[in-house]
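> what would the 3D arrangement of this be:
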Amino acid sequence: MTYGESFQDKTVIENYLISSINFLTDFREYLKERVQLEKNYAKESANLIQKYSQKFEKKGRQSICISSNGPNVSLLSPSSVDNSTLNVIPENGDSVPTSPSSPTSDINSKDSYTYVNAWRSILNQMKIINDSRNKFSEKLTNLVIDKLKTLISIREDERKNNIQNLKNINNELDKLVIEKNNARKKYIESCDLMVNHHKKLTKQDSSLNDNDKSNDKGVKKIEKLIDATQVDMDNRKNLYILTLQSMNALKKKIVNEYVPEIFNNLQNCQETTIGAFQHHCQNYVKLEQDLYEEIKNSFSNALIDINAIDPISDNVLFEKENKKEWVPAEEEKFSDALNNNTDVNFSLTSKASIYLSTLKDNMENQMIADQEKYNSIKVQYNQLVTAYQSYVNNPASIDCKEMIDNQIKLWNDAHLTECSIIINEAKIEAITNAIGEDLQVNSHNFKSVMFINATVCDYCQEKIRGKALQCKSCSFVCHSKCENDVPQRCTGIKMDRKALRINKISDASNHGRALSINSSINSAVSMDNCSTPLSAATNPSPLATASSETNSPINYDEINENEYSVNNSQTNISNNEEDYENSNEKDDATPTSVVMCAIFEYQPQNNDEISLSLNDRVEIIEKEVDGWVKVRTDHGEGFVPSTYIASVKKAIYDFNPDKEDEIPLHEGESVVVLGQEDDGWLKIKKGTMEGIVPESYIDM
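Residues are numbered from 1 along each chain as shown. Alright, predicted model coming up:
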């Protein structure tokens, strides 16, 4: 021990010892919280196991995995559901003693689904782990925490006793110091008294006369006092010296023997405290290691059943126990709501045949568009499947979530499109079988057109402006809503649409004809007076029209006089429309060159394909077919996937972005249109920037 030789101040040693004991106390408090943590975890885990045991037992009765004539593959038996903690489920099927709440299973391993066995194993091992945690808490409490409590109490008492002994010794020394001080005080008092006596004696001697005999008595008295005081002073001096020597002897003994011995005792207490911490730490860590090994072994046992999961084997068992006789889908029979007529033939009246013929044309056009869409989606889907195989071979190299989502979306889009094709095919086949092909020989070939200037529907005689339908063979124009009512027999010869309208007018009543002609006259007059373009003539003002319609009686002389101007106006309208139609037909016959931009790199796989580099400018030579389009680049001509290129358009207005996903535009800039983002917004690429802009700002 070295504290007795190294230290003289007990405060430093005492503070250090107190700190060590407090450290041991903190360690014990940590262990108490550690035990409580394990108990809480085991309790929550047991509740979790109980919850999912009950949950899967309840679902097991409704699951398709449980067949009425098959094995009982429920996760836990009904008797296993209880609010108490689960006990271990025997995985080998052997019966073991269990509490009333312990789960049991009558599932033989050969008849059980492998994933059910794995799940049961996980629950079993979790229960074992809970038991291990409870045992760990119990051992840690008994072997470490309780012993630490006793040890801390012993060390604290030892510290207090040694400090008290030191105080007792110092108290004895303090008593001697007080006694020494009192003896010195008395000795000094006797010395002062002696000095006073000598002063009196000197004074008395100086006043003596040779003839004065009376003063001799006074001198003798003072001399006696001096002698008595001298004796008392000597005694007090001796007592002071004795007390001082005894105090020094005791102080030397205390400093050289008692205090070092007490300090060494405190050092021993300190070392014993730290040694106890080491010992109990070793026990604690050993318990943690044992718990870790038990948990590791439990999960290793569960992993055996998890690795034994075989979806193919489970499917074989499922099919074996749940397979039933195949029942073909029954076709729904036609039922007449009026007279219960079971005749399934079409009602082929004249108008009905026209209606069916129109439906057939529309469905054929729709089916062509759907087929192109289906082929394009199919190509993308096949490419994605090929890329997904690369992921399967190396899952860590690719983020598969987006790939799987796209694959599912493309699969859904392809099948929905195919459903539309199947429906239209069935309807077209039924209509063809019912009405034959004769109505299709000279039927109208309608296409969608856009009329900038207002015109008249050749069927209902109402005004048309904007989108409408026009027959490419005979120039017949009608609303989209009128298409199904238009007689489908087409002459195949382009007719003067003015004549069509005049014929319609002549068949109408005189009053109606007069109203139409007056409206046209007012339009012509408005055109002549205002010197406006043809579009103004074909768009009479509401005020003029209203005035025309309210004129009564009708002046037929004015009608005859103005008929020529009306016809001329209508002829001009017709000629203008025919020029527009001819230009549309010319555009359809010889499409202009379309310039697009490559948005992906592409390496050709066949001889008729051509390579693409990012941002290459390409010229479309042939329209898209089955997801492929023929293009011309700086490297030559060839086919590329249609999804690898995008349209190049020009901005018609300046646009300043307000949000982060928007990009700026300047009028006249060329941009690559990547697709539709939201309603009214386009996703574009400009240089290295990608973002969205309003669709109306791009010349589409």
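> pop the domain breakdown of this protein in here.
11-165+308-315, 172-276, 354-435, 446-589, 594-699 (automatic domain parsing).
> lowest average confidence across those domains, which one?
With a mean of 52, domain 446-589 has the lowest mean pLDDT of the domains of the chain.
> what's the distance between Asn142 and Asn283?
Asn142 sits 11 Å away from Asn283, taking C-beta to C-beta, to the nearest Å as the criterion. C-beta coordinates here come from the backbone N, C-alpha and C atoms, glycine included.
> same deal with Leu148?
10 Å.
> any chance of the domains of the chain in a markdown table, with distance to Leu348 too?
A markdown table is the format used below for those (distance: least, C-beta to C-beta, whole Å):
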| stretch | distance to Leu348 |
| --- | --- |
| domain 11-165+308-315 | 48 |
| domain 172-276 | 106 |
| domain 354-435 | 6 |
| domain 446-589 | 14 |
| domain 594-699 | 37 |
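> mind putting those in CSV, distance to Pro328 and mean neighbour count included?
Listed next are those as CSV, based on distance: least, C-beta to C-beta, whole Å; neighbours: other C-beta atoms under 10 Å:
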stretch, distance to Pro328, mean neighbour count
domain 11-165+308-315, 22, 16
domain 172-276, 83, 15
domain 354-435, 18, 15
domain 446-589, 36, 16
domain 594-699, 34, 15
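> and Trp326, how close does it get to Phe655?
Trp326 sits at a distance of 61 Å from Phe655 (criterion: C-beta to C-beta).
> ok now the strand or helix carrying Lys373, how far from the chain's centre?
Element membership for Lys373, per DSSP states H and E: helix 350-393. Centre-to-centre, helix 350-393 and its host chain are 34 Å apart (C-alpha atoms, centre = their mean, to the nearest Å).
> report all helices and strands that the helix or strand following it contacts.
Moving toward the C-terminus from helix 350-393, the next helix or strand (DSSP H and E) is helix 400-435. With contacts taken as 3 or more C-beta pairs under 8 Å, 6 or more residues apart in numbering; DSSP states H and E, helix 400-435 sits against helix 350-393.
> pretty sure Leu303 sits in a helix.
Yes - Leu303 forms part of a helix when assessed by DSSP: H, G, I helix; E, B strand; the rest coil.
> quick one, what contacts it?
By C-beta atoms under 8 Å, 6 or more residues apart in numbering, the contact set of Leu303 is empty.
> quick one: it from Ile122, how far?
As judged by C-beta to C-beta, Leu303 and Ile122 stand 10 Å apart.
> okay, strands next: where are they in the chain?
446-456, 463-471, 477-478, 594-598, 617-625, 628-633, 636-641, 645-651, 670-676, 681-686, 689-694, 698-699 (DSSP state E).
> nearest to Tyr240, of those strands?
strand 689-694 (105.4 Å; C-beta to C-beta).
> what's the closest one packed up against?
With contacts taken as 3+ C-beta pairs under 8 Å, 6+ apart, strand 689-694 sits against strand 681-686.
> chain center to the strand it packs on: distance?
27 Å.
> okay, now the sheet partners of it, with direction.
strand 670-676 (antiparallel), strand 689-694 (antiparallel) (DSSP bridges).
> could I get these as TSV with distance to Cys474?
Formatted as TSV, the strands paired with strand 681-686 follow (distance: least, C-beta to C-beta, whole Å):
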stretch	distance to Cys474
strand 670-676	35
strand 689-694	40
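> how about these, which one is nearest Val177?
Closest among the strands paired with strand 681-686, using C-beta to C-beta: strand 689-694, at 93.8 Å.
> longest helix in the protein, by residue count?
helix 146-206 (DSSP state H).
> mind checking how far that one is from the chain centre?
That offset, for helix 146-206, works out to 80 Å (C-alpha atoms, centre = their mean).
> now stretch 246-265
Its chain's C-alpha centre lies 75 Å from the corresponding centre of stretch 246-265 when counted by C-alpha atoms, centre = their mean.
> kindly format the C-alpha coordinates of it as PDB.
Extracted in PDB, the C-alpha atoms of stretch 246-265 (Å, rounded to 0.1, in the frame of the first residue of the first chain):
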ATOM      1  CA  SER A 246       3.200  14.500  25.000                       C
ATOM      2  CA  MET A 247       1.400  16.300  22.200                       C
ATOM      3  CA  ASN A 248       4.400  16.100  19.900                       C
ATOM      4  CA  ALA A 249       4.800  12.400  20.700                       C
ATOM      5  CA  LEU A 250       1.100  11.700  19.900                       C
ATOM      6  CA  LYS A 251       1.300  13.900  16.800                       C
ATOM      7  CA  LYS A 252       4.300  12.000  15.600                       C
ATOM      8  CA  LYS A 253       2.600   8.700  16.300                       C
ATOM      9  CA  ILE A 254      -0.500   9.700  14.400                       C
ATOM     10  CA  VAL A 255       1.300  11.200  11.400                       C
ATOM     11  CA  ASN A 256       3.800   8.400  11.100                       C
ATOM     12  CA  GLU A 257       1.700   5.400  11.900                       C
ATOM     13  CA  TYR A 258      -2.000   5.900  12.500                       C
ATOM     14  CA  VAL A 259      -2.800   8.100   9.400                       C
ATOM     15  CA  PRO A 260      -0.700   6.000   6.900                       C
ATOM     16  CA  GLU A 261      -2.400   2.900   8.200                       C
ATOM     17  CA  ILE A 262      -5.900   4.400   7.700                       C
ATOM     18  CA  PHE A 263      -4.900   5.800   4.300                       C
ATOM     19  CA  ASN A 264      -3.700   2.300   3.400                       C
ATOM     20  CA  ASN A 265      -7.000   0.900   4.500                       C
END
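> ok, back up a step: and Lys333, which of the strands of the chain is closest to it?
Taking the strands of the chain one by one with C-beta to C-beta, strand 446-456 is closest: 35.3 Å.
> tell me what angle the closest one forms with strand 463-471.
Relative orientation of strand 446-456 versus strand 463-471 (axes from the mean of the first three to the mean of the last three C-alpha atoms, to 10 degrees): 150 degrees.
> what pairs with strand 446-456, parallel or antiparallel?
strand 463-471 (antiparallel).
> show me the contact partners of the strand it pairs with.
In contact with strand 463-471 (C-beta under 8 Å, 6+ apart) are residues 444-451, 453-457, 476-480, 483, 490, 539, 581.
> gap between the spatially closest residue to Ser190 that is not a sequence neighbour and Asn181?
Nearest residue to Ser190, sequence neighbours excluded (C-beta to C-beta, 6 or more residues apart in numbering): Met233, at 3.8 Å. Counting by C-beta to C-beta, the separation of Met233 from Asn181 is 18 Å.
> go on, Ser246?
Ser246 is 13 Å from Asn181, by C-beta to C-beta.
> do the same with Ser611
Taking C-beta to C-beta as the criterion, Ser611 is separated from Asn181 by 113 Å.
> same check on Lys401?
92 Å.
> Arg155 too?
39 Å.
> surely Gln603 and Ser611 touch.
Yes - contact criterion C-beta atoms under 8 Å: Gln603 and Ser611 qualify, at 5.8 Å.
> shared neighbours of those two, anything?
With C-beta under 8 Å, 6+ apart as the test, Gln603 and Ser611 reach no residue in common.
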